[in-house]
Every structure is written in C-alpha cells, then in structure tokens.
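Colleague: Task: produce atomic coordinates for the following.
(one chain, ligands or ions: 2)
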Amino acid sequence: MLSARGLTKRFGGVVVAQDLDIDIAAGEVVALIGPNGAGKTTLFNMLTGFTRPDRGTISFAGRSIEGLASHKRARLGLARTWQRPRLFESLTLLDNLIIAEREYPGERLRSLLLRPAQTLQAEARAAVQARVLLERVGLAERADALATALSYGQQKLVGLARALMNDGRCILLDEPMAGVEGRTVEAMKTVIREEARAGKAICIVEHNIGFIRDICDRAVFMFNGRIVAVGAIEELLADKRLTALYFGAH
Ligand SMILES: Nc1ncnc2c1ncn2[C@@H]1O[C@H](COP(=O)(O)OP(=O)(O)OP(=O)(O)O)[C@@H](O)[C@H]1O
Ligand SMILES: [Mg+2]
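Modeller: Ligands and ions are numbered 1, 2, ... in the order given. Reported below is the predicted structural model:
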C-alpha cells in the first residue's frame, strides 16, 4: 500500500534520515521503533508530505506521490496523527473532525461558490461521519465540548478520529499511546485493532512496548537516521544489540 525507497533528509549539515526503505501492506500493523531523535517522526513527515526529502521515492496504492502536497496525499487516503494532538482549541470536538476534511485554505469558499448544494451535502455527510467516529472513540457525549475541555488522552483520541475522517487506506500514528491513561487506553487499542481488521495499512511509532506487542505484526527499528533492523517484534526485542542502542541513547 505504502512503499518508500532511499528516503534521505539533511537538516543543516546533519543527516537525520539516510536511505530509508519501508513497506506497509494492507491489513498489517507495523511498529516503527527506536530511541528519541532516531528520525521516526521525520520519516512520517516525509511519507505524508510535511517534509520534502532530499532524495528518494514514495508510492502509495501503486502511484508515485513524492511530489504531492500533504493535503493531496491525505485526500488519496494517506492519513496520519501527530505526536501532540494539534486540535483547534476554540472549536468543538465535532467541528475539529468536520474540518479535518478540508484543511486547505480557501477550499470551502471556492466549493461553496461553485457547487453550493454539493458542498452543503458533503458537509452534512461529514457531520454524520464525525458523530460515528466520536461514538467509536467513546466521546459522543462530548461532541459539543471544546477541545480544551478534554484530558490529554482524550485529545489524542480525537486526533485519531480526525485521521479516520477521510476513511484512508493507510494510517500513520505518531505515538498514539503517549500521555494516554485510564479508560482511554482501551478505547485507543480497540479503534486501532478495528482499523487493522478492516484491512488498513497501519504504521505506529510508539515507545510503549506492551502496546507494540499487543497490536503490531512486525517492527522496523531506527537509530541515528537509519533503519538498522526489520523483523518480528519478539525477535527485535530479544536482540541485545538493539536494546543497547535503544536504552543507551535514552
Ligand atoms: N525541522 C527540523 N530542523 C532541524 N532538525 C530537525 C528538524 N526536525 C527534526 N530534526 C532533527 O532530526 C532528528 C530526528 O528527529 P525526529 O523528530 O524525527 O525523531 P524521533 O525519532 O521522532 O524522536 P522522538 O521519539 O523523540 O519523537 C533529531 O535530531 C531532530 O532534532
Ligand atoms: Mg517523534
């Protein structure tokens, strides 16, 4: 579903991503692990179009996307969440979800002028979908609350729901469990499992090893801007060389 070859990125003189190859197939859940600063978020940013790689190719569902803007990749069905929730604080949960579909400036005005009926219909559909997703993450009763009224973990759940709004075929989750506690833990796990069962291609950056064991099929290990191991979760976790890299760098 999503496949990248040779992704390389320098910031200033520093190479933060070196020749990265990654493949994520439909229906599988891949863990992207490695210590802080390894380049995991940078890889997500390159895949989703928020950072332009210096070199490398990316294909999504059989087409080349490395030149596409991030909102166009999202529209094709490549969704992501952020390490921090990044919600619109002055909007309700419902509106945070509804606008996830059209974050490109000026787009709503243009489509309202050109196709008013279709635009309003699409917005009504988005509102229905937003309510369904809030139900799935267990926040239906808070639909009209402001994003700031939620706990950090609940905000991460809304971030996940936002990513699911365009019903994408591939979802990249950047530390979905960080800061998530209590009842929100199970809600997060359940929704991610449901998405995997529905055949989505999923890649998850996460430091929570229990969660990775629970949810992921295989792992890609990054260190210092490079992919240094790919394999079964237990195999990687049992590799003393990798645990030394992981914990030595913390
Ligand atoms: N916009 C930027 N400009 C300069 N350096 C950057 C930029 N973005 C990331 N970096 C650097 O690239 C390296 C990789 O960062 P990245 O955020 O991808 O790591 P990570 O694996 O996601 O770490 P963490 O687990 O802490 O989130 C770090 O050294 C970081 O400081
Ligand atoms: Mg990161």
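Colleague: Give the other helices and strands that the helix or strand where Ala187 lies contacts.
Modeller: Assigning secondary structure by DSSP states H and E places Ala187 in helix 183-197. Counting by 3 or more Cβ pairs under 8 Å, 6 or more residues apart in numbering; DSSP states H and E, the packing neighbours recorded for helix 183-197 are helix 152-164, strand 201-205, helix 209-215. All C-beta spots, glycine's among them, are computed from the backbone N, C-alpha and C.
Colleague: Relative to Gly210, how far out is the nearest residue to Gly179 once chain neighbours are set aside?
Modeller: Distance criterion Cβ to Cβ, 6 or more residues apart in numbering; nearest residue to Gly179, sequence neighbours excluded, is Tyr152 at 4.5 Å. Remark: distance between Tyr152 and Gly210 (Cβ to Cβ, to the nearest Å) = 19 Å.
Colleague: Equivalent analysis for Leu236, please.
Modeller: Applying Cβ to Cβ to Leu236 and Gly210 gives a distance of 15 Å.
Colleague: Neighbour count for those two, which is higher?
Modeller: It is Leu236, of Leu236 and Gly210, that has more neighbours when counted by other Cβ atoms under 10 Å, with 21 against 9.
Colleague: The more buried one is in contact with Tyr246, isn't it?
Modeller: No: between Leu236 and Tyr246 no contact is recorded; they are 9.6 Å apart, counting by Cβ atoms under 8 Å.
Colleague: Point out the residues in the protein that sit beside ligand 1.
Modeller: Counting by Cβ under 6 Å from any ligand atom, the chain comes close to ligand 1 at Phe11, Val16, Gly34, Asn36, Gly37, Ala38, Gly39, Lys40, Thr41, Thr42, Gln83.
Colleague: one step back: for the helix holding Ala187, list every residue counted as buried.
Modeller: Within helix 183-197, the residues scored as buried using 16 or more other Cβ atoms under 10 Å are Thr184, Ala187, Met188, Lys189, Val191, Ile192, Glu195, Ala196.
Colleague: tell me the contacts of the fifth one?
Modeller: Taking Cβ atoms under 8 Å, 6 or more residues apart in numbering as the definition of contact, the neighbours of Val191 are Arg136, Val137, Leu157, Leu160, Ala161, Leu164.
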